[in-house]
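Asker: Take this sequence and fold it.
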Amino acid sequence: MYISDDLNVKTIRILSAEAVEKANSGHPGLPLGAAPMAYSLWSRHLKHNPGNSKWLDRDRFVLSAGHGSMLLYSLLHIFGYDVTIEDIKNFRQVGSRTPGHPEYRDTDGVETTTGPLGQGVANAAGMAAAEAFLASKFNRENFNIVDHYTYVLAGDGCLMEGLSSEASSWAGTMGLGKLIMLYDSNSISIEGSTDLAFKEDVSKRYEAYGWQVIKVSDGNDLNIISAAIEEAKNEKEKPSLIIVKTIIGEGSPKKQGTASAHGEPLGSEQLQAVKDYYSWGYPEFTVPAETQSFREEMLKKGKSEEDKWDALFTSYKEKYPELADEFNEWYNGNVELSEKLVNDESFWNFEKDMATREASGICIERLVKYFPNLIGGSADLAPSNKTYMKDRGDFSKENKQGANIRFGVREHAMSAIANGIALHGGLKVFTGTFFTFTDYMKAGMRLSAIMKLPVTYVLTHDSIGVGEDGPTHQPVEHLAALRSMPGMITFRPADAKETAAGWIYSATISQKPVSLMLSRQKLPILKNSGGEALKGAYIVYEPGEKETEGIIMASGSEVSLAINVAETLFSEGIYLKVISFPSFELFEEQSDEYKNMILPENIEKRIAIEAASSFGWHKYTGLKGKIFSIDTFGASGKAEDLFVKYGFEKNHIANEIKKYLK
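Answerer: Residues are numbered from 1 along each chain as shown. Modelled structure (predicted):
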């Protein structure tokens, strides 16, 4: 306990309210109500070094209720992170390091981007799973080099979102005992009392999930909160939920305990009333001298914590040099390995025609040789997605060394858990589901892109080739949706060799998520496919010496169809080259010279063939182009019959192209 505890809590509360008031935008209610619980955690339990926010064995803190971002920024400031008082004053301004919601990479000490409610709960579950896996792999007796907790602060809204239910159920099943959630239970949401739509007994729900539940009735009592956290830390087999009763906007006589305290500035009159309530007589944006001294104390304490770990790791390296080297490699990567992978001819070798989902499964098995830190799984679809790694075990409550993650039917949580694993560091993570179910996990995929996280999404059954399952399972608009997402690399391979290219790119990139769209049906291995696919688009078929009359572009299962069409037309004296186009995004990264070589400006006759929405192709076909696509939903029936029904048949397309060329 520190002499300045009471003053420090007041400082957090007032700084947060002042920043919201100055910005004339933000959420003052959560910081005013939840400051004591956050401070109790940070000052008495959180193992961290404000002087080095990336120390590997730090505890993780996730503010799932990201709208209360000023609470986090105030904590970061008074504990000594690189968040200045000027940053606090610039809250929510363009270019500031204190954006409206916490943004990973923007602010020192922020572990993940939060704001979409519940995402942080799932991120924290992923972080805790990563810690458990790495500890099981590297720790030895008297050498716990991976030994930290993951804490998450969530609100009523987070626990209403179905995402947190999925993630919490999974975390309980996996026995993530070092995951601790503090629940800011203030019974208020934007529309008013949570009783309007949320009357369940949260404690019973979490007990049913397999969590330890602890209740704290006074959200201002630092000692009781601290004791609850200690109790949670002592429970090794279950994650813990600490329900802390708070008053939203506490200290504002007109707004506390009401919805108006949630998401709007207090106003000058109520801000002054809050200052009077807390006997705060300092000028605006003042951090008292005692709190500044506390900051220096925290910096020294944090450095001491990391120094102890450094000494432990030095001894570990002396006793277990190979493990220490592997530990560093898992966290920092190995450039030589990546280069060897690209040049490994066996990685590109496939002996028979196969579905690209099958080729992907082979690639995953081959990747393990290069990346033993590869971890991942599927939303109860591993046999269909081909995502199960042989001889690597299942991650579970009983076996934290298993590399196969059983996410269950939880796509929404799966993407967010994977983000948490990627954020933690040390592991390469992938997920798997049917492409159409990206509808369920788009929020997490979007955050992968926003945070530039190297998560691989294995998305199988990529078209009407799904067949009899019908339109609910046949993705049509999904490819265009992912292509429209900034920062997401989409890759729809035409055959097994292009699938290898997609996996090589995904395994070696460090700051982008990759979506691999894979076929259910068998596809032929193309004569000229391979590493050129890494450029996003390349010439896969050229008929001969005669000048090309036009270009056919296609991706995935339609590339072989496009080649068949071009060969048919060639036999009739029509010369068209075929471009395999697995990735719009990778193509756009190429030089202007290369792009013009693939799509010469003087060739206006351009055709695109893709069993998906036409949206997005017009950029490459131009106003005079022609697109064979599916701009309706699919139907139930045999895949081969559906392709004919929707016009993806050689003779039909060849005849239509002849009309178009005339």
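Asker: which strands and helices sit next to the longest helix along the chain?
Answerer: Ranked by residue count, the top helix of the chain under DSSP state H comes out as helix 289-319. Packing contacts for helix 289-319, counted by 3 or more C-beta pairs under 8 Å, 6 or more residues apart in numbering; DSSP states H and E, involve helix 5-23, helix 69-79, helix 321-332. From N, CA and C alone the C-beta is placed, and that goes for glycine too.
Asker: The last one - what's its average pLDDT?
Answerer: Along helix 321-332, the predicted confidence averages to a pLDDT of 96.
Asker: Just the angle for it relative to helix 289-319, thanks.
Answerer: On the basis of axes from the mean of the first three to the mean of the last three C-alpha atoms, to 10 degrees, helix 321-332 is oriented at 130 degrees to helix 289-319.
Asker: helices or strands next to helix 321-332 in the packing?
Answerer: helix 119-138, helix 289-319.
Asker: Next, the angle helix 119-138 makes with that helix.
Answerer: Relative orientation of helix 321-332 versus helix 119-138 (the same axes, to 10 degrees): 160 degrees.
Asker: surely Gly210 meets Met174?
Answerer: No. Gly210 is not in contact with Met174 according to C-beta atoms under 8 Å; the separation is 9.1 Å.
Asker: Between the two, point out the one with more neighbours.
Answerer: Met174 (23 against 18; other C-beta atoms under 10 Å).
Asker: burial count for Glu284?
Answerer: Neighbour number of Glu284 under other C-beta under 10 Å is 12.
Asker: Could you do Leu661 as well?
Answerer: 14.
Asker: same deal with Asp592?
Answerer: Neighbourhood size, Asp592 [other C-beta under 10 Å]: 7.
Asker: Asn343 too?
Answerer: Neighbours around Asn343, by other C-beta under 10 Å: 10.
Asker: so which helix or strand takes in Lys619?
Answerer: Taking DSSP states H and E as the definition, Lys619 sits inside helix 618-621.
Asker: Only the buried residues of stretch 221-237, if you could.
Answerer: Asp221, Leu222, Ile224, Ile225, Ser226, Ala228, Ile229, Ala232 (16 or more other C-beta atoms under 10 Å).
Asker: picking that back up, which one of the helices and strands packed on helix 321-332 is the most hemmed in?
Answerer: Mean neighbour count (mean count of other C-beta atoms under 10 Å) peaks for helix 119-138 among the helices and strands packed on helix 321-332, with a mean of 27.
Asker: any idea of the mean pLDDT in the following helix or strand past that helix?
Answerer: Going down the chain from helix 119-138, the next helix or strand is strand 150-155, by DSSP H and E. What strand 150-155 shows for mean pLDDT is 98.
Asker: and for strand 150-155, what are the contacting residues?
Answerer: For strand 150-155, contacts defined as C-beta atoms under 8 Å, 6 or more residues apart in numbering pick out 30, 34, 37-38, 41, 45-46, 59-65, 68, 117-118, 120-121, 123-124, 127-128, 131, 164, 178-184, 186.
Asker: just so I know, which of the helices and strands packed on helix 321-332 lies nearest Leu427?
Answerer: Closest approach to Leu427 among the helices and strands packed on helix 321-332 (C-beta to C-beta): helix 119-138, 5.6 Å.
Asker: ok and the closest one relative to strand 150-155, angle-wise?
Answerer: Helix 119-138 and strand 150-155 are oriented at 170 degrees to each other (the same axes, to 10 degrees).
Asker: follow-up on the earlier one: need the helices and strands packed on helix 321-332 in CSV (columns: distance to Phe435).
Answerer: Below are the helices and strands packed on helix 321-332 laid out as CSV (distance: least, C-beta to C-beta, whole Å):
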stretch, distance to Phe435
helix 119-138, 21
helix 289-319, 43
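Asker: can you tell which of these is closest to Gly376?
Answerer: Shortest distance between Gly376 and the helices and strands packed on helix 321-332, using C-beta to C-beta, is found for helix 119-138: 11.3 Å.
Asker: sorry, back to before: can you tell me which of the buried residues of stretch 221-237 are in helices?
Answerer: Among those, the subset assigned to helices under DSSP H consists of Leu222, Ile224, Ile225, Ser226, Ala228, Ile229, Ala232.
Asker: list the contacts for the fourth one?
Answerer: Contacts for Ser226 were tallied using C-beta under 8 Å, 6+ apart; they are Ser40, Arg44, His45.
Asker: Also the second one?
Answerer: Neighbour list for Ile224: Val216, Asp218 [criterion: C-beta under 8 Å, 6+ apart].
Asker: that older thread, in CSV, list the C-alpha atoms belonging to the helix holding Lys619.
Answerer: Written as CSV, here are the backbone C-alpha positions of helix 618-621 (Å, rounded to 0.1, in the frame of the first residue of the first chain):
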residue,chain,number,x,y,z
HIS,A,618,-14.3,-3.5,-62.9
LYS,A,619,-11.0,-1.9,-61.8
TYR,A,620,-9.2,-4.4,-64.0
THR,A,621,-11.7,-5.1,-66.8
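Asker: Can you give the distance of the helix or strand that it is followed by from its chain's centre?
Answerer: With elements assigned by DSSP H and E, the helix or strand that comes after helix 618-621 is strand 626-628. Put simply, strand 626-628 sits 34 Å off its chain's centre (C-alpha atoms, centre = their mean, to the nearest Å).
Asker: Stretch 646-661 now?
Answerer: Per C-alpha atoms, centre = their mean, the centroid offset for stretch 646-661 relative to its chain is 41 Å.
Asker: again, but for stretch 38-53
Answerer: The chain centroid and the centroid of stretch 38-53 are separated by 25 Å under C-alpha atoms, centre = their mean.
Asker: ends of it, how far apart?
Answerer: This stretch, stretch 38-53, spans 18 Å end to end (C-alpha to C-alpha, to the nearest Å).
Asker: Name the residues of it that are buried.
Answerer: 38-50, 53.
Asker: For the residues you listed, which two are the farthest from each other?
Answerer: Ser40 and Ser53 (20.7 Å).
Asker: Just checking, which helix or strand succeeds the helix or strand containing Met597 along the chain?
Answerer: Using DSSP H and E, the element containing Met597 is helix 592-598. Counting by DSSP H and E, the next helix or strand C-terminal to helix 592-598 is strand 606-609.
Asker: Partner strands of that next one, with direction?
Answerer: Take DSSP bridges as the rule and strand 606-609 pairs in its sheet with strand 550-554 (parallel), strand 626-628 (parallel).
Asker: after the shortest one, next one along is what?
Answerer: Going back to what we said before, that points to strand 626-628. Following strand 626-628 in sequence, per DSSP H and E, is helix 639-645.
Asker: got the CA coordinates for that following helix in PDB?
Answerer: Output in PDB follows, covering the C-alpha atoms of helix 639-645 (Å, rounded to 0.1, in the frame of the first residue of the first chain):
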ATOM      1  CA  ALA A 639     -21.400 -28.700 -57.900                       C
ATOM      2  CA  GLU A 640     -20.900 -29.700 -61.500                       C
ATOM      3  CA  ASP A 641     -24.600 -28.900 -62.300                       C
ATOM      4  CA  LEU A 642     -24.400 -25.600 -60.500                       C
ATOM      5  CA  PHE A 643     -21.400 -24.400 -62.500                       C
ATOM      6  CA  VAL A 644     -23.300 -25.100 -65.700                       C
ATOM      7  CA  LYS A 645     -26.500 -23.500 -64.300                       C
END
